[in-house]
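**Student:** all I have is the shape, not the residue letters:
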């Protein structure tokens, strides 16, 4: 199952798509807006602004939403940031939405978390990537596939493992058309956590990518059988692929996986001068009622009918093993 969720609203770019699937509803957000859908993808509320949840001083900027679903309490938790330059103030804000009603918004508490350090060894981050309809060197047709940060790092309590992924540079072969092109790839990790960071151990790792194709902004989740899903954006000037939403499923114990196309890009993204800042988020979570399914929130470049486009489109997909 797949559907388009929140589209670009006004001049908001790049997109920072997020969302989660609950037992009865799907809650999505991008930049300054949120929306509620039923399990068939039918819109029930929004898109609407976060602003009415709290009272902000004039000139406050809202941004960077994140949504998770607490399957134990059956509550959505939606967080976002706010900043006011003239007052030199900023806020971290949380809203809880009980799944049963999807209508009661109450401020929540900010939990503490322990960061997972990057593994030992040098990992190089590719600085830019290509997309369909563009060239290998024209900065106005390049896009930013991310960096070494983890977008998420979920813990699978059944397996006793933590998973994470980031973008990394790797020269994949053969480079039939580009002669040594350094691709943006995704490197993912399976970690067995210990009592301390130094006592933790990387138990499995792998690379997602293809020659002369760029991928980035990965998000990870596992299903009830331990299959790992890595969602990512993907594009290529060589193959002509526009910025698309994709995923890779990796079986337990394996390092290679099956590629899944979630939504195809339909135009070259060109919203700013220079490389496109293609958002910094995505989201994925296990379906709380069907553990064999994983819900993925991503985005793709959508044609506006005039050649190159400024339009991004949030997309929601529910995937499983064949």
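**Tutor:** Cool, got the structure. Just so it is clear, the structure is predicted and the values come from calculations on it, not from any experiment.

**Student:** going toward the C-terminus from the helix-or-strand element of the chain with minimal mean pLDDT, what's the next helix or strand?
**Tutor:** When the helices and strands of the chain are scored by mean pLDDT, DSSP states H and E, strand 106-107 comes last with a mean of 36. Next along the chain after strand 106-107, taking DSSP states H and E as the criterion, comes strand 143-144.

**Student:** other SSEs contacting that next one?
**Tutor:** strand 214-222, strand 276-277 (3 or more C-beta pairs under 8 Å, 6 or more residues apart in numbering; DSSP states H and E). Using the backbone N, CA and C atoms, a C-beta is placed for each residue, glycine as well.

**Student:** turn those into TSV, including mean pLDDT and distance to residue 190.
**Tutor:** Formatted as TSV, the helices and strands packed on strand 143-144 follow (pLDDT from 0 to 100; distance: least, C-beta to C-beta, whole Å):
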stretch	mean pLDDT	distance to residue 190
strand 214-222	96	9
strand 276-277	88	30
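
**Student:** nearest to residue 35, of those?
**Tutor:** For those, the distance to residue 35 is smallest for strand 214-222, at 19.1 Å, taking C-beta to C-beta.

**Student:** pairing partners for whatever helix or strand comes next after that closest one, with directions?
**Tutor:** For strand 214-222, the succeeding helix or strand toward the C-terminus, using DSSP H and E, is strand 228-236. When pairing is defined by DSSP bridges, strand 228-236 lines up against strand 214-222 (antiparallel), strand 241-250 (antiparallel).

**Student:** for these, state which one has the densest average packing.
**Tutor:** Of these, the one with the most neighbours on average (mean count of other C-beta atoms under 10 Å) is strand 214-222, at a mean of 26.

**Student:** could you dump the helices and strands packed on strand 143-144 to TSV with distance to residue 246?
**Tutor:** Shown next, in TSV, are those (distance: least, C-beta to C-beta, whole Å):
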stretch	distance to residue 246
strand 214-222	7
strand 276-277	17
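
**Student:** quick one: which of the strands paired with strand 228-236 is nearest residue 18?
**Tutor:** Using C-beta to C-beta, these put strand 214-222 closest to residue 18, at 9.4 Å.

**Student:** quick one on the thing from earlier: nearest to residue 33, of the helices and strands packed on strand 143-144?
**Tutor:** Nearest to residue 33 among those is strand 276-277; the distance by C-beta to C-beta comes to 18.5 Å.

**Student:** what's the closest one packed up against?
**Tutor:** Packed next to strand 276-277, using 3+ C-beta pairs under 8 Å, 6+ apart, are strand 143-144.

**Student:** for residue 77, find the nearest of the strands paired with strand 228-236.
**Tutor:** Among those, strand 214-222 sits nearest to residue 77 (C-beta to C-beta), with 16.3 Å.

**Student:** show me the shaky parts of the stretch 201-322 of the chain.
**Tutor:** Residues of the stretch 201-322 of the chain meeting the criterion pLDDT under 70: none.

**Student:** circling back to that earlier point, need the strands paired with strand 228-236 in JSON lines (columns: distance to residue 37).
**Tutor:** What follows is the strands paired with strand 228-236, written out as JSON lines (distance: least, C-beta to C-beta, whole Å):
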{"stretch": "strand 214-222", "distance to residue 37": "19"}
{"stretch": "strand 241-250", "distance to residue 37": "17"}
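
**Student:** can you name every helix or strand that the helix or strand where residue 92 lies contacts?
**Tutor:** Using DSSP H and E, residue 92 sits in strand 89-98. In terms of contacts (3+ C-beta pairs under 8 Å, 6+ apart), strand 89-98 is packed against strand 75-84, strand 106-107.

**Student:** pick the most deeply packed of those.
**Tutor:** It is strand 75-84: most buried of the helices and strands packed on strand 89-98 by mean count of other C-beta under 10 Å, with a mean of 19.

**Student:** what about the residue nearest to residue 221 when sequence neighbours are not counted, distance to residue 217?
**Tutor:** In space, and not counting its chain neighbours, residue 221 is closest to residue 284: 3.7 Å by C-beta to C-beta, 6 or more residues apart in numbering. Residue 284 is 12 Å from residue 217, where distance means C-beta to C-beta, to the nearest Å.

**Student:** just residue 232 next, same as before
**Tutor:** Residue 232 is 6 Å from residue 217, by C-beta to C-beta.

**Student:** what's the overlap in contacts for these two?
**Tutor:** By C-beta atoms under 8 Å, 6 or more residues apart in numbering, residue 232 and residue 217 have these common neighbours: residue 282.
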